[in-house]
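J.: What would the 3D arrangement of this be:
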Amino acid sequence: MKRSRLAYLFVLPSIFFISAFILYPLAFTVYLSFLDWNGLFGPRTFVGLRNFERLATDSNVLTALINNVTYMVLGTIGTVVLGLIIATLLDSKIRGWALFRNTFYFSVLLPSVVTGILFISLYNPQLGLIDSLLGLLGFKSLSHLAWLADPKIALFAVILKDVWQYSGFPMLLFIAAFANIPDEIYEAARVEGASGLQIFFRIRLPLIRQVLATVVTLQILFSFKVFDSLWVMTHGGPGHASEVLSTYLFKVAFSQQDFGYGSAIGIFMAIVIFPASLLYIRLWRLEGE
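T.: Down below sits the predicted model:
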């Protein structure tokens, strides 16, 4: 009996932090979503489901959701495919592969604000390195593009930057997964006359499919929580061309000081992300079995 009580004492700090930093903020956000409140010292007026009714008819929310899905699909595909390609090349144990691995992963460690400012300079239509290279390569029609000011390409420019920055994360996971594949399988495949592509698609990918599914799920979760890159580079603009749910929530809650409606948007984001979170938990349990 004393041992069980002592065990509860060790659990209490975890219960406290989970309650203070997860459960209470979540409950308070749900509470605010039923209010009309403009900030810390403003009066709180109960409005029922009015914020959610507004959410259902707000065209900016639909635009932000479409942009979120676009970012999720293109960002996930680009990051995972690039990470897989780099991991496959480095797994061939080329000379200096450890240096290449650390170099490719270094961008993941950089703050998004720093890389965002860097790419603002690179995308500069007058002095940016990207436009200069396109001009030197003969792509005159693509040079001097307003990468971050054109509503048609601003979101894709941010996606390109994030694919470059975060592909090192899946690369590292794929390298670890490849290391667990016995060399005997590769040797047997080569004896049977399998080509490099056949080994990749028929041996490598099937054997790391669980890791691949986990990486894709994580990238989906990261995609729906994106904020800093878009805020630094475009502020969700021009107009709402690169607006996502997180940037729109920030504008509503902190710029327009409508914390009730901002909380409703936050609840909507949680509902959208919830299925991907369940999928990740399911994959994590399967991997542990």
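
J.: Who are the packing partners of the helix ranked longest in the chain?
T.: Across the chain, the helix with the greatest residue count (assigned by DSSP state H) is helix 59-91. Contact here means 3 or more Cβ pairs under 8 Å, 6 or more residues apart in numbering; DSSP states H and E; on that basis helix 59-91 packs against helix 97-109, helix 154-166, helix 168-179, helix 209-224, helix 245-250, helix 259-288. Heads up, the C-betas are built off the backbone N, CA and C, glycines and all.

J.: for the very next helix or strand once past the fourth one, what is the average pLDDT?
T.: Okay, so that is helix 209-224. From helix 209-224 onward toward the C-terminus, using DSSP states H and E, the following helix or strand is helix 228-233. Averaged across helix 228-233, the pLDDT comes to 93.

J.: Tell me, how many residues neighbour the closest residue to residue 156 other than its chain neighbours?
T.: What sits nearest to residue 156 in space, not counting adjacent residues and going by Cβ to Cβ, 6 or more residues apart in numbering, is residue 74, at 7.3 Å. Residues near residue 74, counting by other Cβ atoms under 10 Å, number 17.

J.: from what I can see residue 74 touches residue 158, true?
T.: No: applying Cβ atoms under 8 Å, one finds residue 74 not in contact with residue 158, separated by 10.4 Å.

J.: returning to that earlier point: which among the helices and strands packed on helix 59-91 is found nearest to residue 31?
T.: Taking Cβ to Cβ, helix 259-288 is the member of these nearest to residue 31, at 8.0 Å.

J.: quick revisit: from the chain's centroid, how far away is the longest helix of the chain?
T.: Mean-position distance between helix 59-91 and its chain equals 8 Å (Cα atoms, centre = their mean, to the nearest Å).

J.: do the same with stretch 238-256
T.: On Cα atoms, centre = their mean, the centre of stretch 238-256 falls 17 Å from that of its chain.

J.: Any stretches of the chain with poor pLDDT?
T.: For the chain, applying pLDDT under 70 flags the ranges 1-7, 92-96, 139-143, 283-289.

J.: Secondary structure element for residue 184, which one?
T.: Assigned by DSSP H and E, residue 184 falls in helix 183-191.

J.: Could you identify the helix or strand that succeeds that helix?
T.: Taking DSSP H and E, what comes next after helix 183-191 is helix 196-199.

J.: so what secondary structure elements neighbour that following helix?
T.: Packing partners of helix 196-199 (3+ Cβ pairs under 8 Å, 6+ apart): helix 183-191.

J.: what packs against the helix it packs on?
T.: helix 196-199.

J.: Which one of the helices and strands packed on helix 59-91 lies nearest to residue 35?
T.: helix 259-288 (4.5 Å).

J.: helices or strands up against the closest one?
T.: Contacts defined by 3+ Cβ pairs under 8 Å, 6+ apart place helix 259-288 against helix 24-32, strand 35-36, helix 50-57, helix 59-91, helix 209-224, helix 245-250.

J.: Ok, which of the ones you listed comes nearest residue 272?
T.: That would be helix 209-224 among the helices and strands packed on helix 259-288, by Cβ to Cβ, at 6.4 Å.

J.: Counting neighbours, what do you get for residue 34?
T.: Residue 34 has 19 nearby residues by other Cβ under 10 Å.

J.: contacting residues for it?
T.: 46-49, 51, 260 (Cβ atoms under 8 Å, 6 or more residues apart in numbering).

J.: and it, how far is that from residue 190?
T.: Residue 34 sits 65 Å away from residue 190, going by Cβ to Cβ, to the nearest Å.

J.: what does residue 211 give?
T.: According to Cβ to Cβ, residue 211 stands 23 Å off from residue 190.

J.: Nearest residue to residue 108 in space, ignoring adjacent ones along the chain?
T.: residue 168 (4.4 Å).

J.: does residue 260 really touch residue 35, like I thought?
T.: Yes: proximity of residue 260 to residue 35 meets the contact threshold set by Cβ under 8 Å, at 4.5 Å.

J.: With neighbour numbers in mind, choose between these two.
T.: Between residue 260 and residue 35, counting by other Cβ under 10 Å, residue 260 is the more crowded of the two (23 against 19).

J.: which residues does the more buried one contact?
T.: 32-37, 47, 51.

J.: Identify, from those residues, the entry nearest to residue 178.
T.: residue 33 (45.6 Å).
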